[in-house]
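Novice: let me see the structure of the following:
(chains A and B)
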Amino acid sequence: MDGHLPAAPLMQVANCRQSYHKDSANDLLVLDDVNVTINDGEIVALLGRSGSGKSTLLRIVSGLLKPTAGVVTWRGAELNGPADGIAMVFQSFALFPWLTVQENVELGLEALGIAKDEREKRAEDAIDLIGLGGYESAYPKELSGGMRQRVGLARALVVHPDLLLMDEPFSALDVLTAETLRTDLIDLWSEKKLPIKSILMVTHNIEEAVLMCDRILVFSSNPGRVASELVVPFPHPRNRLDPAFRELVDSIYALMTRRTPKPQAAMQTPAAEAGFATPMQPVSTNLLAGLLETLAGAPYDGRADLPALAGGLQLEADELLPMGEALQLLHLADLADGDLIITESGRNFVHADTDTRKVIFADALRAHVPLVAAIRRTLDERWNHRASAVRFRDELEDHMSGDYAEETLRTAIAWGRYAELYTYDEEAAQFSLEDIEPAA
Amino acid sequence: MACVFAGIVALVHVTPETLQPIDAPEALDVTLDPWNLPEYALRTTLRMFAALFASLVFTFTVAPLAAKSRRAALVVVPMLDILQSVPILGFLTFTTAFFMSLFPGKVAGLELAAIFAVFTSQAWNMAFSMYQSLTTLPAELDEAARAFRLSGWQRFWKLEVPFSMPGLVWNMMLSMSGGWFFVVASEAISLGDKNWTLPGIGSFVSVALDKRSMPSIWWAILTMFVVILAYDQLLFRPLVAWSAKFRMELTASAVVEDPWVLKLLRRTRVLSIIMDAVGNFFAVIGRMRLELPKFGKAGPARAPSKLGDGIFYAITAGITAYAVYMIVNYVASNDVGFADLGEVALLGVYTMIRVIVLIALAALLWVPIGVYIGLRPEWARGVQVVVQFAAAFPANLFFPIFVILIVRYHGSPDIWLTPLMILGTQWYILFNVIAGASAFPGDLQEAAKNFRVGGLLWWRKVILPGIFPYFITGAITASGGSWNAAIVAEVASWGDDKLQAHGLGAYIAQATTDGNFAKVVLGVAVMSAFVLSFNRILWRPLYAYSTRRLTL
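Specialist: A predicted model of the protein is given here:
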């Protein structure tokens, strides 16, 4: 159970680096110097925020993607493309809609060229094991999400892989279904009924990782690195309400909100260029306002423990953290030690009426978001008070990938519109000051 | 873009030079006895099937090639794009001449020419549709196929073909109407002083025209009606219903009742056993591993070899440049000069005005009707079936009726031949408008009613923007088809009475009859240029605008 056996590891990822090629000289680094070892008989979680490269690492381990640098060793030999003994469960199930449950499950066996009789026998075993008996001839579209993911599991298990890879397998399911599926899987694992040796799963759900895994690798973003490694010492079945369980969850929250030196740079004037290119995630202003109101009100009264806040709002860490970071960027709240703490201007915002809120938000944007400030400054300087969005996107793309640039620009557009700092014409992709009161 | 077109013309333009006077093959006499019609219909239908099969083979080879090889895509994609919008009817004479020279004096040449003509009306958009499907393969299915290590062959039958199926079947159906049009046109070809006929419905009509036999024409129309009805009911209804199974959406969508043929196939024991056997056969094919040469290996896209690209571009450019040179040279060496070019361009403008006016008129007529029908779901389904049927009916069979009327009332060909161009293609507008109006969200309708939006305001702000993307789709198809039809619609004859309008279509038709290949090449080239710029300047931007702004 603790997995520290003297035998050779099942899989080893050494000094792995992954970068995406860009037109210009600067490549975009997704993974940097990642080392991961997976031993016989353990469940390992890759835990991280979206965009931290954990899914990329899973694809490298599965052989779907070849790392830019570094070596993946599988059963003592270098991994070169999808290999025998590795099977994958997908976030979106990836079932073929034109194949029945049985045919979907048999897919991997057909690829191995296994004879019809054995194929059917093994498929039926896997289908029964995973609790799908009776659904053999159904098409995926007739099944609920939970049932579909069971098909995905059966399809992976039927090839009797040594290593089962799971890419956020429960994140597309509702809370109850996900929980049932998790416990079913862990039960089968504990009873050693699964024809596998180890599991590597990607997740952004902290509790899920603590609930299921023996070892957790916490990823940091930009570029993705293994920031810390934790061993989960609890035996199965685990109790979410156990104080030790809660404590571990709390400490992981703290790990994930630990301040990295990067966003700090935005506050220094000489580094304005770097601040300009701070990636932003599109969080709606409604959500930000709502979160601030919740934070200021009872029972939090200005300071909230993130796991408790996430639980109360029925949000996952991955959804809550971007909001917290957005508030932190705007200096409306602070993130520290797994807590979210409201600031003075945050309180002012909560107590203000709609128009004043916009003014507070606008001031926060101009003071702390260099991109928004730059857009407004450009508009003020132009005689016709118009500017194309393309030039800002191009500038952003010098510092980040196209997707990030797009997201960041979208965020700047949405926030600036709310604050009435400028308007934006989608059709012409143009910022302007039309219908905007002259700057105060 | 135009360079690619030049290549195509260059390929076919060599054929006239190999053309030797061929004696019209014997035993190809077409008689006007209505009792021959079933046999003729059967022959025509078989040609359609042969062409459909060829188109499928073409699609299954070219589309994956283009989807998997970046360099192949560079050539294939613009080529398909152009071929599906260029007036292929203009090439008919070249291809006929080419196949006749392959099999001098044999019927096989003519048969192949006819089949090829139908093929050219179907293959491009089918291949293009599959290519588009393949480039939009859902990433997770692609990864699943790779993670479970399907071989290239298994992947093709388990993933690529099923995923392309709905689009492919739909495009096949669209191609069909073009196909019937072409098979009718290609059964009676005259080239210079040579006349060739192949037994079939098309040649039957052409003989009837020569002999001024009105009853024969009605017989032909009736036969065609039965054939298309059978084709539609026995083949395409079931095929479309069946292909719904391959749609990507994982939610069970509104259940549409199975067409009766599919029900029959599923419920009748004997038939379902046969169908299962067919299904199993394909399943076995799909299961074979058959290691084919792999195009895409696992891993990141290898940095493309710059040198290889350079050589590839250079060769492609070289070939196109040579083709352009050959065409210009060929046309110029046949006493066709700049004066002709000007004349042809002017004629092109005439035809263009016709197309624009027709689309506008058709829109005025069919948009209100389509909206009216589309908003009444109980009508829409039935009418749509009828409209699809009308679209599949080869409009050229109806031409004689118009011609007789024009001759009798001494109408001006310039005006009265014009409607023929849109006779077969207007249905696309109606069909798409109905589809758009039926898809118009109920809550938006209710909102409009709630705020008592009515009259002109309702048309301007509610329904027209709502159906605009659909209308554009229909209008693009209709306009493309009309250009094509111009070649047969601007010239018509009834016995010795010849009607001719001023236009590019008539120019090409006349040049064909005169056997003046240089002029045909020039005419077709100019028409292609018109169609392509029409698409680029008008339809593309409109379509882009409508999908960007007016889709929900």
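
Novice: give the contact list for residue 123.
Specialist: All of this refers to chain A. By CB atoms under 8 Å, 6 or more residues apart in numbering or on different chains, the contact list for residue A:123 reads A:102, A:105, A:106, A:109, A:154, A:158. From N, CA and C alone the C-beta is placed, and that goes for glycine too.

Novice: you looked at the wrong chain, it should be chain B
Specialist: By CB under 8 Å, 6+ apart, the neighbours of residue B:123 are B:54, B:55, B:58, B:59.

Novice: now it: how far from residue B:92?
Specialist: For residue B:123, the distance to residue B:92 (CB to CB, to the nearest Å) stands at 15 Å.

Novice: for residue A:384, same thing?
Specialist: For residue A:384, the distance to residue B:92 equals 56 Å [CB to CB].

Novice: can you check residue A:175 too?
Specialist: Taken as CB to CB, the span from residue A:175 to residue B:92 is 64 Å.

Novice: who has more neighbours, these two?
Specialist: Between residue A:175 and residue B:92, residue B:92 has the larger neighbour count (other CB atoms under 10 Å in any protein chain shown), namely 25 against 10.

Novice: pretty sure residue B:188 is one of the things that one touches, is it not?
Specialist: No: between residue B:92 and residue B:188 there is no contact under CB atoms under 8 Å: 10.9 Å.

Novice: what's around residue B:134, how many residues?
Specialist: 19.

Novice: just the element for it, please.
Specialist: Per DSSP states H and E, residue B:134 falls inside helix B:107-135.

Novice: what do you get for residue B:196?
Specialist: Here residue B:196 is assigned to strand B:194-197, by DSSP H and E.

Novice: buried sites along the next helix or strand along the chain from that strand?
Specialist: Next along the chain after strand B:194-197, taking DSSP H and E as the criterion, comes helix B:201-210. Residues of helix B:201-210 classed as buried by neighbour count (16 or more other CB atoms under 10 Å in any protein chain shown): B:201, B:202, B:203, B:204, B:205, B:206, B:207, B:208, B:209.

Novice: hmm, who's touching the helix or strand following helix B:201-210?
Specialist: Once helix B:201-210 ends, the next helix or strand along the chain (criterion: DSSP H and E) is helix B:214-230. Around helix B:214-230, the neighbours that count as contacts under CB under 8 Å, 6+ apart are B:32, B:34, B:37-38, B:40-41, B:44-45, B:180, B:201, B:204-205, B:207-209, B:389, B:392-394, B:397-398, B:400-401, B:404.

Novice: what is the neighbour count of residue 385?
Specialist: Since no chain was named, I'll use chain A. Going by other CB under 10 Å, the residues that sit close to residue A:385 add up to 15.

Novice: that's the wrong chain, I meant chain B
Specialist: 14.

Novice: now do the contacts for residue A:373.
Specialist: With contact set as CB under 8 Å, 6+ apart, residue A:373 has these partners: A:365, A:366, A:367.

Novice: work out for me the element it sits within.
Specialist: Here residue A:373 is assigned to helix A:370-381, by DSSP H and E.

Novice: now do whatever helix or strand comes next after that helix, average pLDDT.
Specialist: Once the chain leaves helix A:370-381, the next helix or strand it forms, by DSSP H and E, is strand A:386-388. Strand A:386-388 carries an average pLDDT of 89.

Novice: may I have the strands that pair with strand A:386-388, each with its orientation?
Specialist: Paired strands of strand A:386-388, with direction, are strand A:430-432 (antiparallel) (DSSP bridges).

Novice: contacting residues around the partner strand?
Specialist: A:375, A:378-379, A:385-389, A:413, A:416, A:422-425.

Novice: mind listing what's buried in the helix holding residue B:134?
Specialist: Quick answer for helix B:107-135 (16+ other CB under 10 Å): B:109-131, B:133-134.

Novice: tell me the domain ranges of chain B?
Specialist: Chain B is divided into the following domains under automatic domain parsing: B:34-248+B:256-294, B:305-334, B:335-552.

Novice: what's the least confident stretch among those domains?
Specialist: Lowest mean pLDDT within the domains of chain B: domain B:305-334, a mean of 74.

Novice: near chain A, list only the ones from the buried residues of helix B:201-210.
Specialist: Among the buried residues of helix B:201-210, proximity to chain A is found for none (CB under 8 Å from any CB of the partner chain).

Novice: can you redo those as CSV with distance to residue A:408?
Specialist: As requested, the buried residues of helix B:201-210 are exported to CSV (distance: CB to CB, whole Å):
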residue, distance to residue A:408
B:201, 63
B:202, 62
B:203, 66
B:204, 68
B:205, 65
B:206, 66
B:207, 71
B:208, 70
B:209, 68
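
Novice: ok, those vs residue A:224, which is closest?
Specialist: Checking the buried residues of helix B:201-210 against residue A:224 by CB to CB gives residue B:202 as the nearest, at 65.6 Å.

Novice: and that closest one, how far from chain A?
Specialist: 38 Å (CB to the nearest CB, to the nearest Å).

Novice: so who does that residue touch?
Specialist: Per CB under 8 Å, 6+ apart, neighbours of residue B:202: B:44, B:183, B:184, B:185, B:186, B:187, B:188.

Novice: wait, isn't the first one in contact with residue B:181?
Specialist: If I follow you right, that is residue B:44. No: under the criterion of CB under 8 Å, residue B:44 is not in contact with residue B:181, lying 11.9 Å apart.

Novice: what parts of the stretch 101-250 of chain B come near chain A?
Specialist: B:138, B:140-141, B:143-144, B:146-151, B:154, B:158-159, B:162, B:165, B:245-250.

Novice: can I have the buried ones of the residues you listed as a ChimeraX selection?
Specialist: Filtering those down to the buried ones (16+ other CB under 10 Å) takes a single ChimeraX command:
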select /B:140,141,143,144,146,147,148,149,150,151,154,158,159,162,165,246,247,248,250
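
Novice: in the stretch 101-250 of chain A, which spans are strands?
Specialist: Assignment of strands within the stretch 101-250 of chain A using DSSP state E, counting those that start in this stretch yields the ranges A:163-167, A:198-203, A:215-220, A:225-231.

Novice: same list (the ones you listed) but as CSV, adding mean pLDDT.
Specialist: Output for the strands of the stretch 101-250 of chain A, formatted as CSV (pLDDT from 0 to 100):
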stretch, mean pLDDT
strand A:163-167, 94
strand A:198-203, 94
strand A:215-220, 92
strand A:225-231, 90
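
Novice: distance to chain B for those - can I get that in a markdown table?
Specialist: Formatted as a markdown table, the strands of the stretch 101-250 of chain A follow (distance: least, CB to the nearest CB, whole Å):
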| stretch | distance to chain B |
| --- | --- |
| strand A:163-167 | 8 |
| strand A:198-203 | 13 |
| strand A:215-220 | 20 |
| strand A:225-231 | 20 |
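
Novice: in TSV, list those strands along with mean neighbour count and distance to residue B:222.
Specialist: Output for these, formatted as TSV (neighbours: other CB atoms under 10 Å in any protein chain shown; distance: least, CB to CB, whole Å):
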stretch	mean neighbour count	distance to residue B:222
strand A:163-167	24	61
strand A:198-203	24	66
strand A:215-220	22	73
strand A:225-231	16	77
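
Novice: can I get these in JSON lines with distance to residue B:477?
Specialist: Formatted as JSON lines, the strands of the stretch 101-250 of chain A follow (distance: least, CB to CB, whole Å):
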{"stretch": "strand A:163-167", "distance to residue B:477": "41"}
{"stretch": "strand A:198-203", "distance to residue B:477": "46"}
{"stretch": "strand A:215-220", "distance to residue B:477": "50"}
{"stretch": "strand A:225-231", "distance to residue B:477": "54"}
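
Novice: nearest to residue A:11, of these?
Specialist: strand A:163-167 (6.1 Å).

Novice: in its sheet, what does the closest one sit against?
Specialist: Sheet partners by DSSP bridges: for strand A:163-167, these are strand A:86-89 (parallel), strand A:198-203 (parallel).
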